[in-house]
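A.B. asks: Predicted model follows, preceded by the sequence.
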Amino acid sequence: MSTKPEHTVTEPEEPDKVSAAVDGDSLDAAERVAPTWTEPLAAALSRPLGGALGRHAQVGRQWFWTPLRVLLLLAMITLAAAWLFKAPCLQTYDTSQGTQLDWRANRQYTAMCYSDIIPRFGMGDLAPDGVFPYKTPWTQSPGTAPQQQQYMEYPVVTGIFQWLNAKITDGWATLAGMGLLPSAMITVLYFNVTAFWLTGAWLVTVWAVMGLAGRRVWDAALVALSPLVFVHAFTNFDALAAAFAVSGLLAWSRRRPWLAGVLIGLGGAAKLYPLLFLGPLLILCLRSGRLRAGGRAVAGAVAAWLVVNLPILLLYPVGWGEFYRLNASRAADPDSLYNALAYFTGWAGFDGPLAAGQAPVVLNAVSLALFALACAVIGWLALAAPVRPRLAQLCFLVVAAFLLTNKVWSPQYSLWLVPLAVLAVARWRWVLSWMIVDAAVWAPRMYYYLGTGNKGLPEGWFLGAVLIRDLVVIVLCALVVHEILNPATDRVRRALEPAGSRGRAAVDDPSGGFLDAAPDRVTLPWPRGTAQRLGAWARTVGGPARSRAQRAGRVG
């Protein structure tokens, strides 16, 4: 098999010159994007394996190893490694009181294997006595001063997901006691049962991203191999919400608005963030005059959310509201911008010192106001951009704005951005750089939690890593804004250019569904000078990338 010369690793300029590189009986050159031709990172990684895809390579003839199966295999390798990463926290030892988890000497932090899933089974809301988590309270820290009555602290879908896994674990333990199944400490069994379903959820996410990627199917490899998946796939339960959210976008791309809404609504009942997709969806539907389809999606989301939540709300209103009460009363988490600002400046915070259980009212209001302002700017950008933005671009910007302005950014929340960043940015080096930086924050986080008395890191080191992560996310947002304002630099749009377009940017959106190639109906003008200033700001990040692409002949 011949390979392309070293100096022509980039995407060919003439469509007819690459037609021989693919199998004409399946997909032609206009229907497939080879990463080793378009992504410098993929080209560099391919050299030890023989180099970039050859011009005369037969592509599409393999009956079994289809792109989807390859991507799922890559995801399984990453998820298996993710389980092994958490495995040190599953080790046990025998005591006079029975088998215990070996978390001695703060092993969960020194081995960096901590997972919220592991201690969850010991919580009262999953006690193996038949109680339903939203019905029966449990006592936190019994016999101590801060003891209080609590209910399930997760949204309904995630809470019931945990409860069902606990029931499966109880059944497994019963059969293991009868010698019918292998036995293990029940907490370890619970983690493994949960990890099994979360693995399936992330495989669904990879499948959905591949479907949304259009002709850039191999972009989904970044979702399958993400360092954030390695670190956080089993840190909490967020892979479940991600599967619903991205599947909802896939249903929308296939022009099934009701199903899209139902999936997004179920995702919102697992974690609230999928509901943020409805804003970009509606604003793009407004611009394209497709509000009827957008309304159906919103109606489906509301209906699905109510079907799941309403029975619990009516039967157990106090238990149902626990999640919302806890989030309202939480102070700024260690990994929030507000906490970093307070630490490095000595600022006392918007509310000053808080008593135990006191809600940070001003912080809540400021966080909400900043997010609302960010959404307003994004909405304005969506209606005023020269070409209608892609749905994935706006979803990424909204979710990133939520995380940056929110008072809580739990480490596993970064999984929310993984599929959106891959679909929105389509620049492997930038996306992978962010993933590596974000995943690396886990190490200083664990050693900060270890405490300086146990030779852990001071808080400033951890918060410095948090600020670097936030800065990289802002850089990705700037790249997205740059490509919205300069659609000719958007690699997804260039992958969709019709043959012979000679560098003209297409308006297609592979995840757009009803929005794809729809004419504009409602747009907003830019105030004088605003577009130029915003474009100059975006070019401070996007400009170097664009100039490199121009020198390589990839963009016009």
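C.D. replies: Received the coordinates, thanks.

A.B. asks: Quick one: end-to-end length of stretch 80-99, please.
C.D. replies: Using CA to CA, to the nearest Å, the end-to-end distance of stretch 80-99 comes to 25 Å.

A.B. asks: what comes into contact with it?
C.D. replies: Contacting residues not belonging to stretch 80-99 are listed as 100-104, 107-108, 111-115, 118, 185, 188, 191, 195, 229-234 [CB atoms under 8 Å, 6 or more residues apart in numbering]. In short, each C-beta sits where N, CA and C put it, glycine included.

A.B. asks: can you give me the strands for this protein?
C.D. replies: Per DSSP state E, the chain carries strands over the ranges 92-95, 98-101, 138-140, 148-150.

A.B. asks: could I get the ones you listed as a markdown table with mean neighbour count, distance to L515 and mean pLDDT?
C.D. replies: Putting these into a markdown table (neighbours: other CB atoms under 10 Å; distance: least, CB to CB, whole Å; pLDDT from 0 to 100) gives the following:
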| stretch | mean neighbour count | distance to L515 | mean pLDDT |
| --- | --- | --- | --- |
| strand 92-95 | 10 | 53 | 88 |
| strand 98-101 | 13 | 50 | 86 |
| strand 138-140 | 14 | 47 | 74 |
| strand 148-150 | 14 | 44 | 77 |
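
A.B. asks: Now render those as a markdown table, adding distance to I378.
C.D. replies: Compiled in a markdown table, the strands of the chain are given as follows (distance: least, CB to CB, whole Å):
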| stretch | distance to I378 |
| --- | --- |
| strand 92-95 | 49 |
| strand 98-101 | 44 |
| strand 138-140 | 39 |
| strand 148-150 | 36 |
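
A.B. asks: Nearest to N486, out of the ones you listed?
C.D. replies: With distances scored as CB to CB, the stretch of the strands of the chain nearest to N486 is strand 148-150 (50.6 Å).

A.B. asks: Out of the strands of the chain, which gets nearest to D490?
C.D. replies: Evaluated with CB to CB, those place strand 148-150 nearest to D490, the distance being 47.2 Å.

A.B. asks: Please identify the pairing partners of that closest one and their relative orientation?
C.D. replies: Strand pairing for strand 148-150, determined by DSSP bridges: strand 138-140 (antiparallel).

A.B. asks: how distant is the strand it pairs with from the center of its chain?
C.D. replies: The gap between the average C-alpha position of strand 138-140 and the chain average comes to 32 Å, counting by CA atoms, centre = their mean, to the nearest Å.

A.B. asks: Could you shift the numbering so residue one becomes 44, and keep it that way?
C.D. replies: OK, 44 is where the count begins now, so the last one is strand 181-183.

A.B. asks: What residues of stretch 206-225 count as buried?
C.D. replies: Taking 16 or more other CB atoms under 10 Å as the basis for neighbour counts, the residues of stretch 206-225 that come out buried are W206, N208, A209, I211, T212, D213, W215, A216.

A.B. asks: Equivalent analysis for stretch 415-432, please.
C.D. replies: For stretch 415-432, burial by neighbour count (16+ other CB under 10 Å) applies to A417, C418, I421, G422, L424, A425, L426, A427, A428, V430, R431, P432.

A.B. asks: Now do the fourth one against L329, distance only.
C.D. replies: What that stands for is G422. Using CB to CB, to the nearest Å, we find G422 at a distance of 9 Å from L329.

A.B. asks: what's the overlap in contacts for those two?
C.D. replies: Residues touching both G422 and L329 by CB under 8 Å, 6+ apart: none at all.

A.B. asks: What score does the most far-flung residue of the chain relative to its centre have for pLDDT?
C.D. replies: The centre of the chain is farthest from one residue, S139, which by CA atoms, centre = their mean lies 43.4 Å away. At S139 the predicted local confidence, pLDDT, stands at 81.

A.B. asks: likewise the one 10 residues further on?
C.D. replies: The predicted local confidence for N149 comes out at a pLDDT of 92.

A.B. asks: That one - how many residues pack around it?
C.D. replies: Using other CB atoms under 10 Å, the number of residues around N149 comes to 17.

A.B. asks: again, but for P131
C.D. replies: Burial measure for P131: 16 neighbouring residues, criterion other CB under 10 Å.

A.B. asks: ok so, going back, among the buried residues of stretch 206-225, find me the one that's closest to P487.
C.D. replies: N208 (30.8 Å).

A.B. asks: mind listing what the closest one touches?
C.D. replies: Y233, V236, T237, W240.

A.B. asks: okay if I get those residues as TSV plus distance to A486 and pLDDT?
C.D. replies: Formatted as TSV, the entries for the contacts of N208 read as follows, by distance: CB to CB, whole Å; pLDDT from 0 to 100:
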residue	distance to A486	pLDDT
Y233	26	94
V236	28	96
T237	24	96
W240	27	98
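
A.B. asks: picking that back up, relative to G165, how far out is the residue farthest from the centre of the chain?
C.D. replies: According to CB to CB, S139 and G165 sit 19 Å apart.

A.B. asks: Do a quick rundown of the helices in the stretch 444-593 of the chain.
C.D. replies: Chain-ordered helices for the stretch 444-593 of the chain, with DSSP state H, counting those that start in this stretch as the definition, fall at 457-468, 471-483, 485-493, 502-528, 534-538, 573-595.

A.B. asks: closest to L319 out of these?
C.D. replies: The closest approach between L319 and any of the helices of the stretch 444-593 of the chain, judged by CB to CB, belongs to helix 457-468 at 9.2 Å.
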